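>>> Mind looking at a prediction? Sequence and model below.
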Amino acid sequence: MQNLLKNLNEEQLAAVTLPAQSALILAGAGSGKTKVLTTRIAWLIQSGQVSTSGILAVTFTNKASKEMLNRLSNMLQISTNSIWVGTFHGLCNRFLRFHYQDAGLPKSFQILDSQDQISVIRRLLKKFNIDSEKYPPKELMYFFNKAKDRGLRANEIEIIDDVQKQYINIYSLYEEQCNKEGNVDFAELLLRSYDLLHMNEPLRNHYQNRFKYILIDEFQDTNDLQYKWLKLLSGNDGNVFAVGDDDQSIYAFRGANVDNMSLFKKDFRVKNLIKLEKNYRSFGHILDTANYLISHNNRRLGKNLHTDLGHGELIRIFEAESDLIEAKWLIEEISYLVSLGWSKKDIAFLYRSNAQSRIIEYALFSASIPYKVYGGLRFFERAEIKYAIAYIALINNLNNDSAFMKIVNFPSRGIGMKSLEYLQKTATNSNNSLYSSIPFLEGKPRFILESFKSLIENISKASNEMSLPNLIDYVLAKSKLIDYYKSQKDGLDRVENLKQLSSASSIFLSEEGFNQDSNANEKSLEINDAINLNNDSNISDLISPLDAFLSYASLEAGDAQSDTYQDAIQLMTVHSAKGLEFDAVFITGLEEGLFPHENSEKIEDGIEEERRLMYVAITRARKRLYLSFAQSRMLHGQKRFGIKSRFFNELPQASLNWLNQKYHFEKDEDNNISDLTRGFAGELLPTKNKIGSFSWQIGQSVFHKKFGEGVIVNIEGNSIYGRANINFGSNGMKLLDLSIAKLEKI
DNA sequence: GACGTTGTCCTTTTT
DNA sequence: GGACAACGTC
């Protein structure tokens, strides 16, 4: 026990050993937040205050919950299996699998990811002849999700105008459709769980009694519904240990509400507020940069990080001519670091949006440097995998129209639009699922659909006799998915992915403790059984391997494939870097419109959130931080010119080191950049050359007295006297007369 | 009526 | 660059 607590500082120790009351821990980046959380859990268990089943620990990402479980099993000698640790979504899924009957769900309910959600909405619009131009599926999805995040059903939303009324109508149609199919979207997992706890008193009492200690990480990222869920579950004399950092709130776009932190203080009568401001991660210049940047935000609880580590190195900034050169510079720089003995897995390339990874990947690949991309198009989000999963989802629940539609004619088997419209109509008239309506058809459509039906029946029968991995191989063969991709000229990668699916399932089963040989799970549970059982039972005792695997496919999307130990450069978005740390961090693509993202300007407090995102990015670095931006970048298949991010103006200049003058590029006769060469650290060149009139070029960076820094995006007419479209970033796009406007070259 | 091809649209971040 | 819809062809 003493061992457990000996490495904590005063504040950390105080937090870990707080009495059983609600508490709010304001924990800055790198202040030992995860350490405090896990040590508290271990301490509670080891000191005998609670058994493992009395703890509920909530995180926001799968990565974080895995990390927590890892650390716990290192600290504790006992099994951590019965501790409920997971994401909100994962925990709610588990809860609903136990109590599906009470929640009004079929045993094998399927979880929809956002792609699936969109296609449900599309089908719905078609079915009811609703104009998808006027009611874009994506907008509808945002609307539904936002409502659910606030805990609202269709009939609980206030009607403001006619358009909104129609949104609400479609919302209830959507709910109806999902219920009929037995499908549940991400937000629904939470709302269902909440409703069930809310309505069902015995169940609520049971869980309130069971979870003596609730701990939650990244509290600033909770949305309204999650807050209500915590409140309900913790009961009246709630005991919630919340850890968070308002400066790292970066999920407002999915409903997170920072105000929950101050609300929590009041609602949960928090007596214990502890601030962890000592940073153990980063050197001084890095922290100064982060502190100075975030001080530009208005809505803050207030907190300043400090360190004992000393100033360390200056922040290195690089301006590239293009995204390609930025990528080349990245390679050059990390090769240098590696040659100095830095390890690749401690170096991260961060970017604002996933699309930016491509060019960096290409450069790394060409240089034969091992790298690992997190996020992006995940394994289970790939088209071919989604098809395979849809076959399995359909045999698991024949009412799943979404899965049905996805695969009924894929690979194509001669079932066209007309036949499906006919089927749809028949199904709608009899209020049956598509699959079960097949026998009521007539003529040729009936004939071809019956053959599809027997395919599904065949697979279904096989599923009772085979293990999951074998079943998957069977599906791939019988459905002809593999054959289809083999016949495609660029289908080889997809064939490989499909082949990986069965081994992925077998790894999953063994990790989750399932019996590999059988797919059977004949235990059908009454509510009381479930209550009695789940105190110390594994999820594998209650859920069929198939259901579990399908949930896993939706909830985890196969993010981190297990080669974490390989020494490779880490590539990820800033969002997915939250909670991680690296010796060297490169924040790339720091251009107006990209970071901060242009969409954020239209959103209330959007720029503040982007700034917090930047804050998160900066505080990932331990020893060395690089910032880079490019004058031009390929975007949507087009070359776009940008100017450097406004965030550069919000950094402490004394901590910055502008690298540009220390590098030069070698160009061949065709003006292609052949290689990037490390140059000498020369004198700083003057940055602004005042020149009278000369020929302007697209892509030229300019300075204007009123509008600030900009980039020439287009020139009309003569390049000396014509007019130019100039992108002034936050000051907008201006059309200026080149002979009149006093522009300076930068 | 089904299938392959072309054209058009969008493109932030995650469970 | 990718997903989907509309188009023309078999």
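Done, it's in. Numbering: from 1, shown residues only, chains lettered A, B, ... in the order given.

>>> How is the residue nearest in space to the middle of chain A assigned, secondary-structure-wise?
With the centre of chain A defined as its mean C-alpha position, the nearest residue by C-alpha atoms, centre = their mean is residue A:576, 6.3 Å away. The local conformation at residue A:576, judged by DSSP: H, G, I helix; E, B strand; the rest coil, is helix.

>>> Distance of it relative to residue A:590?
Separation of residue A:576 from residue A:590 (C-beta to C-beta, to the nearest Å): 18 Å. Any C-beta I mention is one placed from the backbone N, CA and C, and that applies to glycine too.

>>> Do you know the pLDDT at the nearest residue to the residue nearest to the centre of chain A once chain neighbours are set aside?
Nearest non-adjacent residue to residue A:576, counting by C-beta to C-beta, 6 or more residues apart in numbering: residue A:375, 4.8 Å away. Per-residue pLDDT puts residue A:375 at 77.

>>> Which part of the stretch 601-746 of chain A gets nearest to DNA strand B, residue-wise?
residue A:636 (2.5 Å; C-beta to the nearest atom of the strand).

>>> Within the helices and strands, which one has residue A:243?
Assigned by DSSP states H and E, residue A:243 belongs to strand A:240-244.

>>> Residues in contact with the helix or strand that comes right after that strand: which ones?
Under the assignment DSSP H and E, the closest C-terminal helix or strand after strand A:240-244 is helix A:260-267. Under the criterion C-beta atoms under 8 Å, 6 or more residues apart in numbering, residues A:22, A:24, A:219-220, A:222-224, A:227, A:231, A:240, A:242, A:244, A:246, A:270, A:273, A:301 lie in contact with helix A:260-267.

>>> Run the angle between helix A:260-267 and strand A:240-244 for me.
150 degrees (axes from the mean of the first three to the mean of the last three C-alpha atoms, to 10 degrees).

>>> counting contacts, what elements does the helix or strand that helix A:260-267 is followed by pack onto?
Following helix A:260-267 in sequence order, the next helix or strand is strand A:272-276 (DSSP H and E). The elements that strand A:272-276 packs onto, with contact taken as 3 or more C-beta pairs under 8 Å, 6 or more residues apart in numbering; DSSP states H and E, are helix A:10-16, strand A:23-27.

>>> Residues contacting strand A:272-276, please?
For strand A:272-276, using C-beta under 8 Å, 6+ apart, the contacting residues are A:11-12, A:14-15, A:18, A:21-28, A:31-33, A:36, A:265, A:303.

>>> how about a cut-off of 7 Å?
With contact meaning C-beta atoms under 7 Å, 6 or more residues apart in numbering, strand A:272-276 is reached by A:11-12, A:14-15, A:18, A:21, A:23-28, A:31-33, A:265, A:303.

>>> Selecting buried members of these in PyMOL, what would you type?
This is how PyMOL selects the buried members of the contacts of strand A:272-276, with burial counted by 16 or more other C-beta atoms under 10 Å:
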select buried, chain A and resi 11+12+14+15+18+23+24+25+26+27+28+31+32+33+265+303
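
>>> ok, and which of the contacts of strand A:272-276 reach DNA strand C?
When contact is defined as C-beta under 7 Å from any atom of the strand, those do not meet DNA strand C at all.

>>> From residue A:393, how far off is the closest residue in space to residue A:483 that isn't next to it in sequence?
Spatial nearest neighbour of residue A:483, chain neighbours left out: residue A:411 (7.5 Å); criterion: C-beta to C-beta, 6+ apart. For residue A:411, the distance to residue A:393 (C-beta to C-beta) stands at 17 Å.

>>> Over to residue A:56?
29 Å.

>>> now swap in residue A:550 and tell me
Applying C-beta to C-beta, the value for residue A:550 to residue A:393 is 6 Å.

>>> before we move on, the earlier item: show me which of residue A:56 and residue A:393 is the more surrounded one.
residue A:393 (26 against 22; other C-beta atoms under 10 Å).

>>> Strands of the stretch 501-650 of chain A, residue ranges please.
Using DSSP state E, counting those that start in this stretch, the strands of the stretch 501-650 of chain A run over residues A:569-573, A:582-587, A:621-635, A:638-641.

>>> Could you export those strands as CSV, including mean pLDDT?
Compiled in CSV, those are given as follows (pLDDT from 0 to 100):
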stretch, mean pLDDT
strand A:569-573, 91
strand A:582-587, 96
strand A:621-635, 91
strand A:638-641, 80
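
>>> burial measure for residue A:492, as a count.
Other residues within reach of residue A:492, judged by other C-beta under 10 Å, total 11.

>>> show me what contacts it?
Here residue A:492 is in contact with no residue (C-beta under 7 Å, 6+ apart).

>>> What residues does the stretch 401-550 of chain A have near DNA strand B?
Contact residues (C-beta under 7 Å from any atom of the strand) of the stretch 401-550 of chain A with DNA strand B: A:409, A:412-419, A:445.

>>> can you do 6 Å?
Neighbours of DNA strand B within the stretch 401-550 of chain A, by C-beta under 6 Å from any atom of the strand: A:409, A:412, A:414-419.

>>> ok, residue A:743 - contacts?
Applying C-beta under 7 Å, 6+ apart to residue A:743 gives the contacts A:702, A:704.

>>> ok, what's across the strand from it?
Beta bridges link residue A:743 to residue A:704 when assigned by DSSP bridges.

>>> Residue A:42 versus that one, what's the distance?
Distance from residue A:743 to residue A:42, by C-beta to C-beta: 63 Å.

>>> Count the residues that sit near the residue in the stretch 351-500 of chain A positioned nearest to DNA strand C.
Closest residue of the stretch 351-500 of chain A to DNA strand C, C-beta to the nearest atom of the strand: residue A:383 (5.0 Å). A count of nearby residues for residue A:383, using other C-beta under 10 Å, gives 12.

>>> likewise residue A:221?
26.

>>> That one touches residue A:256, doesn't it?
Yes: using C-beta atoms under 7 Å, residue A:221 is in contact with residue A:256, at 4.5 Å.

>>> list the residues that contact both of these two?
With C-beta under 7 Å, 6+ apart, residue A:221 and residue A:256 have common neighbours residue A:249.

>>> about what we covered before: could you check the pLDDT of the residue of the stretch 601-746 of chain A closest to DNA strand B?
73.

>>> contacting residues around it?
Going by C-beta under 7 Å, 6+ apart, the list of residues near residue A:636 is empty.

>>> Which positions in chain A make contact with DNA strand C?
A:122, A:383, A:636-637.

>>> now do 7 Å
Among all residues of chain A, those adjacent to DNA strand C (criterion: C-beta under 7 Å from any atom of the strand) are A:115, A:119, A:122, A:358, A:383, A:636-637.

>>> Closest one to DNA strand B out of those residues, please.
Looking across the residues of chain A next to DNA strand C and measuring by C-beta to the nearest atom of the strand, the closest to DNA strand B is residue A:636, at 2.5 Å.

>>> Now the residue of the stretch 351-500 of chain A closest to DNA strand C. Its backbone dihedrals?
Main-chain torsions, residue A:383, degrees, to the nearest 10: phi -50, psi -50.

>>> same deal with the one 4 residues further on?
The phi and psi values for residue A:387, taken as degrees, to the nearest 10, are phi -60, psi -50.

>>> residues contacting it?
A:406-407, A:410, A:481.

>>> I am finished for the moment; much appreciated.
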